[in-house]
Structures are given as structure tokens and as C-alpha cells.
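Chemist: Make a model of this:
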Amino acid sequence: MAQARVADATVVSQDGPVATERRLPLGVYLLAFSLFAMGSAEFLLAGVLPAVAADIEVSLATAGGLITAFAVGVVIGGPPFAVISLKWPRRTALVLTQLIFAACIAAGLIIGSYTALLISRFVAGLAYAGFFAVASVTAVSLVTPDRVARASGVVVSGLGLAMILGGPAGTLIGHHTGWQGGFWLVVALTLAAATTVAAAMPRTTAGQDPSIKRELRMMRQPRLWLVYAATLLSTAAYMITFNYLAELLDSVTGIPDTWTPVVLMLFGVGAYVGLAIGGRMSDRRPHEALLAGSAGIIVCSVLIAALAEHALAIVPLVLLLGVAGFVLNPAIYSRVFTLASDAPTLAGATTVSAVQLGISIVPLIAGIALNADAPITTVAWIGAVLAAITIPVVLCERATGQPETTQ
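Modeler: From the prediction side, this is the model:
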């Protein structure tokens, strides 16, 4: 059995999880950095969208299609890539998706037309979903079962860092160098991350021979789809408020425009804290983490809607909403990889799709309310309702008993 030394007290096996004493292995943090580099592209475009629209001579609404194209790519990209790459070495799959992602972003920048940007963003979304799916499974394979949620939380914290630092920093660079500047930085960071993964990531494989049939059989578990339902609902629950926070802060709270990015950044800080708390809590009590996060979203959303005119209340509530929302994420991965422990690749990929689908349906749900002339605070009330629906879904999944073992 081939083995490789990672960190100070971690041994990775090609055929099984890592035996670890205290620290998470280096590979987990490499995956988090990679997700930070690639995820920054998702948060960056919104900040420079007016400049993009003006440069390529399309309307702002048309330019918004670039955001949609990326989101659609992420939603549909993970599961097919998981099946295609099932028997590949995971390190190969990780590096390949990073290189494709960087190439797509660069090609769109070089060609510069709307069509080229639309296609390149869609393919980049496919590659991003593929990377995310393989990264989540790889992180699990690098640690012992009692640290799965913590490792997943660290990997996903790359997205929290992208939200806090990557998107705003790329937007700032874009304002000084042209909107392309931030995206070129994303390309450079992604290539650097791919090089590091290729050089330093331990070679990991599944504990048994990969089997598409076994992966598909695992996907037939009703409990797994209850977890996906909770994932979609809870993600939409906090993102619907976050996506419209700028408008709420401006039109209701009356916070000056110069302070809006700072308040939005607090959500990212809260997300980072929530991932840390959820990662440590979910390895032993995943259902409690899911319920606590959902309850936290309800409370924060209701208070944001009710106290929207009071800046002293809204600012800490934005931070707490980030904490509550992202406490759930490690717990979700803990449940998915527990239920699909013998065939986690496709299950993990579908989790990524469920998260992105939750984000993608937010404009549709909010649009129905806002187009009916509802006040902007309505989005927070909708978030509270979605989180409230999440709770019985989690309770139902917990009540259905232990997962069946698939041979």
C-alpha cells in the first residue's frame, strides 16, 4: 500500500483515509486556496458588471446573462463530470478542471465579445463545478471519519474568503486597471493553485474500485434527497437576503454608499466564522448544526425585516446571518458523505449543484415579490419562510433512521 507523509502527523493512503493526530493535512488547505482563486470569479463579476456592459456595448440586463451562464454551468456541471472522471486519479481531475477554468476565463478576456464571454463563462462554470465536486471528495479522503465535517468546512471556507477578499479586491483592481484586471488576477491565482496541487497534493483514490453502478445506487436513497432539499432551501434562505442587502441598506436603512461594501463584507466574515463553528460541531452533531443554522437564519431574517430602518441593528445582524447560514454547510457535507460513504463522488457533486441551484432560484423568487411592488424587506421575510421549511425537512431526514448499507 503506497503512502505519503503530509504535515507533521498525517499519513495518506492511496486506498483509504488519512490517519491524523491533530492538524488537518496540507492538501485540505491547498483545496481551500484553489476554491478561493476560482470562486473569486463568481463574486467579482457583479462588482464590475456596469463596466463590462459599457465595454462590450450591451445593456446591463444583457450583461447579467454572464452571471446566469456561469451559474447554469455550475448547476449542471458537477454530476456529469463526477461520472466521467470517476476512475481518474483525483489529483489529475483537480488540475485538469483548474486548467480548463483558467483557459476559459482567459479566452473570454482575449476575444472580448459578448458571445465569447457567455460561452467561456458557461464552460468555466462546468469546470468550477467539476473541481468543487472532486475537491470535496478529496478532502474527505485525506482525513479520518471523525474529521470529515471540519475538513469540508475548511475547503468551503475558500468561498468565504473569496466573498470577503477575492470579489472586493478584484473589483477594486478592475476599477483601476479596467474590468479585465481582476479576472486576469483570477487566472494567475488559479494557475498558481493548479501548479501547487500538481506538485504537493497526495495521490488519493477511493477505498474500493470506483463503480458507476454503485454511485447511482447510492443516489436512490430518499434520505440523500432530503439532505439535498435542505441544502437548496437553506442556501436560498440566506442568499435571498444577502443578494438584496445593498438595496435594503440604501433605500431603507439609509447607510451611505461608501459603507455598503463594508457591511456586505461583514456577511463574508460571518460566513467564515460559521464554517469554523459548523466544521467542529458537525462531525458529532450534524443534525443539531442544521437545525441551529436554520433557526438562526429565521431569527436574523425576521429581525432584518423588522428593524431595517435601524443601522445599529442591521449591521450586527448581517454578520450573524452569515454565521447562521454557513454553520449548515459542513453539516450538509457530513450528512451526504455519511449516507453515501461507499460511493461519495456523485453524491458530493450533486451537493454542489444543490447549493448553486439554491443561489440561482433567488432572483426568480425575489422577482415575483418585487415585481408585485412588495417592499424590499419582503426578501428577508421570504428568507425566513424558506429557512422555516428547512427545519421539517431536516427533522424528517433524521427521523428516517440509519442509512441502508449498499453492497
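
Chemist: where does the stretch 201-350 of the chain dip in pLDDT?
Modeler: 204-210 (pLDDT under 70).

Chemist: mind running it again at 80?
Modeler: Applying pLDDT under 80 to the stretch 201-350 of the chain picks out residues 203-212, 214-215, 243, 257-258, 260-261, 264, 283, 341-345.

Chemist: Tell me where it has helices.
Modeler: 212-218, 222-243, 245-248, 260-282, 286-306, 311-339, 344-360 (DSSP state H, counting those that start in this stretch).

Chemist: again, but for the stretch 1-150 of the chain
Modeler: Counting by DSSP H, counting those that start in this stretch, the segments of the stretch 1-150 of the chain that form helices are 26-56, 60-63, 65-84, 90-111, 114-141, 148-161.

Chemist: Run through the residues that contact Ala129.
Modeler: Gly73, Val74, Val75, Ile76, Gly77, Gly78, Phe81, Ala349, Val352, Ser353, Gln356 (Cβ atoms under 8 Å, 6 or more residues apart in numbering). Where you see a C-beta, it was placed from the backbone N, CA and C, and this is true even at glycine.

Chemist: The third one: what's it in contact with?
Modeler: Applying Cβ under 8 Å, 6+ apart, one finds that Val75 lies in contact with Ala129, Ser353, Gln356, Leu357, Ser360.

Chemist: got those as CSV, with pLDDT columns?
Modeler: Shown next, in CSV, are these (pLDDT from 0 to 100):
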residue, pLDDT
Ala129, 89
Ser353, 87
Gln356, 84
Leu357, 89
Ser360, 82
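
Chemist: nearest to Met239, of those residues?
Modeler: Ser360 (9.5 Å; Cβ to Cβ).

Chemist: Any idea how many residues pack against the closest one?
Modeler: The number of residues packed near Ser360 is 21, by other Cβ atoms under 10 Å.

Chemist: Tell me the spatial nearest neighbour of it, not counting adjacent residues.
Modeler: The shortest distance from Ser360 to any non-neighbouring residue, by Cβ to Cβ, 6 or more residues apart in numbering, is to Ala71 (4.7 Å).

Chemist: domains of the protein?
Modeler: Split into domains by automatic domain parsing, the chain comes to 11-200, 218-399.

Chemist: Figure out which of these is closest to Ile212.
Modeler: That would be domain 11-200 among these, by Cβ to Cβ, at 5.9 Å.

Chemist: send the alpha carbons of stretch 249-262 over as PDB?
Modeler: The C-alpha trace of stretch 249-262 is given here as PDB (Å, rounded to 0.1, in the frame of the first residue of the first chain):
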ATOM      1  CA  LEU A 249     -29.200  49.300   3.100                       C
ATOM      2  CA  ASP A 250     -29.600  52.200   0.700                       C
ATOM      3  CA  SER A 251     -33.300  52.600   0.400                       C
ATOM      4  CA  VAL A 252     -34.500  51.600   3.900                       C
ATOM      5  CA  THR A 253     -31.600  51.700   6.400                       C
ATOM      6  CA  GLY A 254     -30.000  54.800   4.800                       C
ATOM      7  CA  ILE A 255     -26.400  53.700   5.200                       C
ATOM      8  CA  PRO A 256     -24.100  55.800   2.900                       C
ATOM      9  CA  ASP A 257     -23.000  54.100  -0.300                       C
ATOM     10  CA  THR A 258     -19.300  54.200   0.800                       C
ATOM     11  CA  TRP A 259     -20.200  52.000   3.800                       C
ATOM     12  CA  THR A 260     -22.300  49.400   2.000                       C
ATOM     13  CA  PRO A 261     -19.300  47.300   0.800                       C
ATOM     14  CA  VAL A 262     -18.000  47.200   4.400                       C
END
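
Chemist: and Ala369, that's in a helix?
Modeler: Yes: counting by DSSP: H, G, I helix; E, B strand; the rest coil, Ala369 is found in a helix.

Chemist: what's the burial count for the closest residue to it other than its chain neighbours?
Modeler: Nearest residue to Ala369 in three dimensions, chain neighbours excluded: Thr378, at 4.7 Å (Cβ to Cβ, 6+ apart). For Thr378, the count of nearby residues is 18 (other Cβ under 10 Å).

Chemist: show me the contacts for Thr378.
Modeler: Thr378 makes contact with Ala305, Ala369, Leu370 under the criterion Cβ under 8 Å, 6+ apart.

Chemist: pretty sure Ala69 is touching Leu118, no?
Modeler: Yes: contact status for Ala69 versus Leu118: in contact at 5.1 Å, counting by Cβ atoms under 8 Å.

Chemist: list the contacts for the residue nearest to Thr97 when sequence neighbours are not counted?
Modeler: Residue nearest to Thr97 in three dimensions, not counting chain neighbours: Phe131, with 3.9 Å by Cβ to Cβ, 6+ apart. Neighbouring residues of Phe131 by Cβ under 8 Å, 6+ apart: Ser34, Leu35, Met38, Leu94, Thr97, Gln98, Phe101.

Chemist: Show me which residues of stretch 141-151 are buried.
Modeler: Applying a neighbour-count criterion of 16 or more other Cβ atoms under 10 Å, one finds Ser141, Leu142, Val143, Thr144, Arg147, Val148, Ala149, Arg150, Ala151 buried in stretch 141-151.

Chemist: For Asp55, see how far away the last one is.
Modeler: It refers to Ala151. According to Cβ to Cβ, to the nearest Å, Ala151 stands 41 Å off from Asp55.

Chemist: what does the first one give?
Modeler: For Ser141, the distance to Asp55 equals 43 Å [Cβ to Cβ].

Chemist: which residues touch Ala305?
Modeler: Counted by Cβ under 8 Å, 6+ apart, Ala305 has contacts Thr377, Thr378, Ala380, Trp381, Ala384.
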